[in-house]
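[1] sequence plus the predicted model coming up.
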Amino acid sequence: MDSIMEYVSEVALKADGFDDAITGVTTNGLVVYDYYKCVDIIIKEQNCKYIDAIEYMDFNVVNAYAGEGTPIFIKTNG
């Protein structure tokens with residue numbers, strides 16, 4: 001992950017607690033997270049069900065716009 005982080009913009013923000021879900025950086029330096037890895041982290045950290053983790057992720061993480069440095073969340077096929 002350290003090699004990816006050298007490409008991160010000065011304005012880029014990181015989502016707290018989701019470092020293990022970082023999958024890359026956009027061409028303009030925003031941090032990119034794997035959505036489903038984030039969900040897995042929520043399930044483990046909060047000891048909750050999958051559906052509850054999805055709801056938390058969508059409402060509290062993905063929809064938390066914090067300006068131009070807001071991270072990107074992608075849904076991958078595996």
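    Here it is on my side, so go on. Numbers count the residues shown, from 1 in each chain.
[2] going by C-alpha atoms from here, please, whenever you check contacts or count neighbours.
    OK.
[3] helices of this protein, residue ranges please.
    Taking DSSP state H as the criterion, the chain carries its helices at 2-5, 35-46, 50-56.
[4] let's have those helices in JSON lines, adding mean pLDDT and distance to Y65.
    Shown next, in JSON lines, are the helices of the chain (pLDDT from 0 to 100; distance: least, C-alpha to C-alpha, whole Å):
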{"stretch": "helix 2-5", "mean pLDDT": "70", "distance to Y65": "21"}
{"stretch": "helix 35-46", "mean pLDDT": "98", "distance to Y65": "16"}
{"stretch": "helix 50-56", "mean pLDDT": "98", "distance to Y65": "15"}
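[5] now distance to T76 and mean neighbour count too, for the ones you listed, in JSON lines please.
    Output for these, formatted as JSON lines (distance: least, C-alpha to C-alpha, whole Å; neighbours: other C-alpha atoms under 10 Å):
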{"stretch": "helix 2-5", "distance to T76": "18", "mean neighbour count": "10"}
{"stretch": "helix 35-46", "distance to T76": "8", "mean neighbour count": "18"}
{"stretch": "helix 50-56", "distance to T76": "15", "mean neighbour count": "15"}
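[6] how about the ones you listed, which one is nearest I74?
    I74 sits nearest to helix 35-46 of all the helices of the chain, at 5.4 Å, using C-alpha to C-alpha.
[7] show me the contact partners of that closest one.
    18, 20-21, 48-50, 53-54, 57, 73-76 (C-alpha atoms under 8 Å, 6 or more residues apart in numbering).
[8] from the residues you listed, which land in strands?
    The strands, defined by DSSP state E, take in 73-74 from the contacts of helix 35-46.
[9] between the contacts of helix 35-46, which sits nearest L30?
    For these, the nearest to L30 is F73 (10.4 Å; C-alpha to C-alpha).
[10] center of this protein - which residue?
    Residue closest to the average C-alpha location in the chain (C-alpha atoms, centre = their mean): Y33, at 3.7 Å.
[11] once you drop chain neighbours, what's closest to V61?
    A15 (7.6 Å; C-alpha to C-alpha, 6 or more residues apart in numbering).
[12] give me the number of residues near T26?
    As a burial measure, T26 scores 13 neighbours (other C-alpha atoms under 10 Å).
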